[in-house]
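[1] Next one to model:
(one chain, ligands or ions: 3)
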Amino acid sequence: MADPTGFPSFSATAGPLAGAAALALPVVPGGRRKPTVGAGAEVLAALGVNAAAALSRDEAKGEPGEVTSVPVDRDGVETVLLAGIGDGSPRALRRAAAAVVRRAKAHRSLATTLALGRDEAATRAVVEALGLASYSFNRKSDPKPAKLRRVTLVVDEPKTAKAVVQRAATAVRAVRLARDLANTPSLEKSPAWMADQARTIADTAGLDYDVWDEQRLTADGFGGILGVGRGSARPPRLVRLDYTPAGAGRHVVLVGKGITFDSGGLSLKPADSMVAMKTDMSGGAAVLGAMSALRDLAVTTRVTALVPLAENMPGADATRPGDVLRQYGGRTTEVLNTDAEGRLVLADALAYATRELAPDVVVDLATLTGAATVGLGKRHGALFANGPRLADALVAAGDAGGDTLWPMPLVDAYRDTLASPIADQRNIGDPESHYMGGAIVAALFLQAFVGNVPWAHLDIAGPARADGDEDEVTKGATGFGVRALLRWLEAGAPA
Ligand code: BES
Ligand code: ZN
Ligand code: ZN
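    Residues are numbered from 1 along each chain as shown. Ligands and ions are numbered 1, 2, ... in the order given. The predicted structure is shown next:
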């Protein structure tokens, strides 16, 4: 996909810190003493930079996110950036690197010692944050190309660091791809357009590709996807991608909600709630982004992606409240609110996965409920799983990657709220019983379609979209979930 904002090239060198317009160095907190410049500090004297004075002028403490910039005009260096790194953890380094790259955007090149003397996790965190915080998206008639083109990491052993830097750059590309897809306006982004993007991804990333159009969806009985899509002039699709490395034993299926626009359908959303709904395919975008990186990351697990794509619109043929849909595999759903559409398309894909693909584990990602955002806010994804090992593994992968997931319960007692007198299930809770806990009720609805297969559901309605730039997250679509999925798959998809 065209990337008008540009993606800087990343390389590793043994140093010294030089040869770039912006140089970034770590600042270590001093406890009760003053903070001090860490790795690479020897360059400062040569450049005539009085770091102690600059830090004390800014009242810097060495906390992550703080950046003291000192203008320089010597040896091609334009600025020195002194960045707090707190406890030096990957999380702190991500914040530091994100703050650095926002200051370095106005320069052509950046070199940094933020990862010098640290481990692979630190290097990966720094590169990922540099690549993600520098992302931007627009559809301006005269987009300005990104100025920052080259990022150099000063490390101890460039040979070993090179592989880590490449993996990080691959992960960054995957997240940026997911952001691009989710930021694309829905006028452009129909279900068929998304299916075309998936085909391009498959071609570039060495994946097998299959697509169901409306005839095939009808023939195969995908009543949920068809039911959600029928109110739109632009018909639904189901995309399947397959990554099949040689000798793979386990089979993972990833499912991503792909609502290209969610107006609510006949249960129409209020105008303000509709504004963000071009990003209602963020789960699908995260799955496609992750798939794009599997070969480059040399993932050894077989992975199938399913992305059900539909536009939820209130057209003349739209599904009505009270209609009953027949999901893939035969279960019936009484639709009482057409705005609870994500679970209808996911149910078809989950039923297809468990019935046809013999998966060892299924993970779905979806901007499913406003309730998840009410509970956890905008930086944590809600994690539901039918087994503790899978839940723990995903939480750990999320922490390592920077996509924070928080475990939520599948409360047995709430299941009765989904009972329907005329169908196997209703698509929203009954206001008379256990109606609250909307994110849990939605997860319980989905669970009926996975049986006993190890399964996790990530409700990413909150973190899929950001109201502003913060750390490595940028305003608009965030690509949340890509890094968690990749870390989990790189670890062999433990469940
Ligand atoms: N796409 C929305 C969920 C959503 C809301 C995502 C806000 C991101 C931000 C979903 O399809 C939806 O409308 N869910 C309803 C479910 C309700 C009708 C049971 C909701 O959360 O209000
Ligand atoms: Zn909805
Ligand atoms: Zn939705």
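[2] Report the residue ranges of every domain in the chain.
    Structural domains assigned to the chain are 9-150, 178-490, following automatic domain parsing.
[3] Number of residues surrounding residue 426?
    21 (other CB atoms under 10 Å). Quick note: C-beta positions are derived from backbone N, CA and C, even for glycine.
[4] mind exporting stretch 442-453 as CSV, just the C-alpha atoms?
    Taking C-alpha atoms only, stretch 442-453 is exported to CSV below (Å, rounded to 0.1, in the frame of the first residue of the first chain):
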residue,chain,number,x,y,z
ALA,A,442,-20.8,-10.5,23.9
ALA,A,443,-18.0,-12.9,24.7
LEU,A,444,-20.5,-15.5,26.0
PHE,A,445,-22.4,-15.2,22.7
LEU,A,446,-19.2,-16.0,20.7
GLN,A,447,-18.2,-18.9,23.0
ALA,A,448,-21.3,-20.8,21.9
PHE,A,449,-19.6,-21.1,18.4
VAL,A,450,-16.2,-22.5,19.5
GLY,A,451,-17.2,-25.4,21.6
ASN,A,452,-14.2,-26.8,23.6
VAL,A,453,-11.5,-25.6,21.2
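[5] what residues does it touch?
    327, 329, 331, 340, 342-343, 346-347, 350-351, 353-354, 359, 361-362, 364, 368-369, 371, 384, 386, 408, 410-411, 414-415, 418, 424-425, 427, 455, 457, 459 (CB atoms under 8 Å, 6 or more residues apart in numbering).
[6] Please apply the same query to stretch 376-384.
    Against stretch 376-384 from outside (CB under 8 Å, 6+ apart): 372, 375, 391, 394-395, 398, 403-410, 439-440, 443, 447, 456-460, 462-463, 465-467, 473, 480-481, 484.
[7] Start and end of it, how far apart?
    With CA to CA, to the nearest Å as the measure, stretch 376-384 spans 13 Å from end to end.
[8] Let me know the average pLDDT across that stretch.
    Stretch 376-384 shows an average pLDDT of 98 in the prediction.
[9] That one and ligand 1 in contact?
    No: Stretch 376-384 lies out of reach of ligand 1 by CB under 6 Å from any ligand atom, never closer than 9.8 Å.
[10] Buried residues of that stretch, list them for me.
    376, 378-384 (16 or more other CB atoms under 10 Å).
[11] Please look at residue 391 and residue 406 and confirm they touch.
    No: here residue 391 lies out of contact with residue 406, judged by CB atoms under 8 Å, at a distance of 10.2 Å.
[12] The two: who's more crowded?
    Relative neighbour count places residue 391 above the other of residue 391 and residue 406, with 18 against 15, counting by other CB under 10 Å.
[13] Let's verify that one: helix, strand, or coil?
    Secondary structure, DSSP: H, G, I helix; E, B strand; the rest coil: residue 391 is helix.
[14] show me the contacts for it.
    383, 385, 407, 456.
[15] Can you get me a residue count around residue 471?
    Neighbour tally, residue 471, other CB under 10 Å: 21.
[16] Need phi/psi at residue 318.
    phi -60, psi 150 (degrees, to the nearest 10).
[17] Please name the residues that touch the residue in the chain that ligand 3 sits nearest to.
    Nearest to ligand 3 in the chain, going by CB to the ion, is residue 262, at a distance of 3.7 Å. By CB under 8 Å, 6+ apart, the contact list for residue 262 reads 269, 274, 277, 280, 312, 339, 341-342.
[18] Mind listing the residues bridging to it?
    residue 312 (DSSP bridges).
[19] So what sits opposite residue 254 in the bridge?
    residue 305, residue 363.
[20] filter the contacts of residue 391 to the buried ones?
    Buried among the contacts of residue 391 (16+ other CB under 10 Å): 383, 385, 456.
[21] Take those and keep only those in strands.
    383, 385, 456 (DSSP state E).
[22] Identify the residue of the stretch 51-200 of the chain closest to ligand 1, quick one.
    Minimum separation of the stretch 51-200 of the chain from ligand 1 (CB to the nearest ligand atom) falls at residue 182, amounting to 11.3 Å.
[23] which of the contacts of stretch 442-453 are buried?
    Here, 16+ other CB under 10 Å leaves 327, 329, 331, 340, 342-343, 346-347, 350-351, 353-354, 359, 361-362, 364, 368-369, 371, 384, 386, 408, 414-415, 418, 424-425, 427, 455, 457, 459 buried among the contacts of stretch 442-453.
[24] Low-confidence stretches in the chain?
    1-5 (pLDDT under 70).
[25] What residues does it have near ligand 3?
    259, 262, 280, 342 (CB under 5 Å from the ion).
[26] Which member of these is positioned nearest ligand 2?
    Closest to ligand 2, out of all of the residues of the chain next to ligand 3 and judged by CB to the ion, is residue 262, at 4.4 Å.
[27] how far away is that closest one from residue 124?
    Going from residue 262 to residue 124 by CB to CB, to the nearest Å gives 34 Å.
[28] again with residue 322
    For residue 322, the distance to residue 124 - CB to CB - is 51 Å.
[29] Pick out whichever of these two has more residues nearby.
    Neighbours were counted for residue 322 and for residue 124 using other CB under 10 Å; residue 124 has more, 26 against 9.
[30] Which residues of the protein lie near ligand 1?
    Counting by CB under 6 Å from any ligand atom, the chain sits next to ligand 1 at 262, 276, 280, 337, 339-342, 367-371, 428, 438, 461.
[31] Next, the contact list for the spatially most central residue of the chain, please.
    Residue closest to the mean C-alpha point of the chain, counted by CA atoms, centre = their mean, is residue 480 at 2.3 Å. If you count contacts by CB under 8 Å, 6+ apart, residue 480 has them with 282, 286, 381, 403, 460, 463-464.
[32] now those residues as a markdown table including secondary structure?
    What follows is the contacts of residue 480, written out as a markdown table (three-state DSSP):
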| residue | secondary structure |
| --- | --- |
| 282 | helix |
| 286 | helix |
| 381 | strand |
| 403 | coil |
| 460 | coil |
| 463 | coil |
| 464 | coil |
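[33] so who does residue 50 touch?
    Taking CB under 8 Å, 6+ apart, one finds residue 44 in contact with residue 50.
[34] Torsion angles phi and psi at it?
    Residue torsions, per degrees, to the nearest 10, at residue 50 are phi -90, psi 90.
[35] Look up how far residue 360 lies from residue 58.
    52 Å.
[36] How about residue 111?
    Taken as CB to CB, the span from residue 111 to residue 360 is 44 Å.
[37] Kindly report the same for residue 249.
    8 Å.
[38] Close to ligand 2: what parts of the stretch 201-350 of the chain are there?
    Residues of the stretch 201-350 of the chain lying near ligand 2 (CB under 5 Å from the ion): 262, 339, 341.
[39] and the residue of the chain found nearest ligand 2, how many residues sit next to it?
    Ligand 2 sits closest to residue 339 of the chain, with a gap of 3.8 Å, by CB to the ion. Using other CB under 10 Å, residue 339 is surrounded by 19 other residues.
[40] Likewise for residue 166?
    16.
[41] Check residue 325 too.
    22.
[42] thought it was touching residue 345?
    No: applying CB under 8 Å, one finds residue 325 not in contact with residue 345, separated by 10.4 Å.
[43] Quick check: neighbours shared by those two?
    With CB under 8 Å, 6+ apart as the test, residue 325 and residue 345 both reach residue 224.
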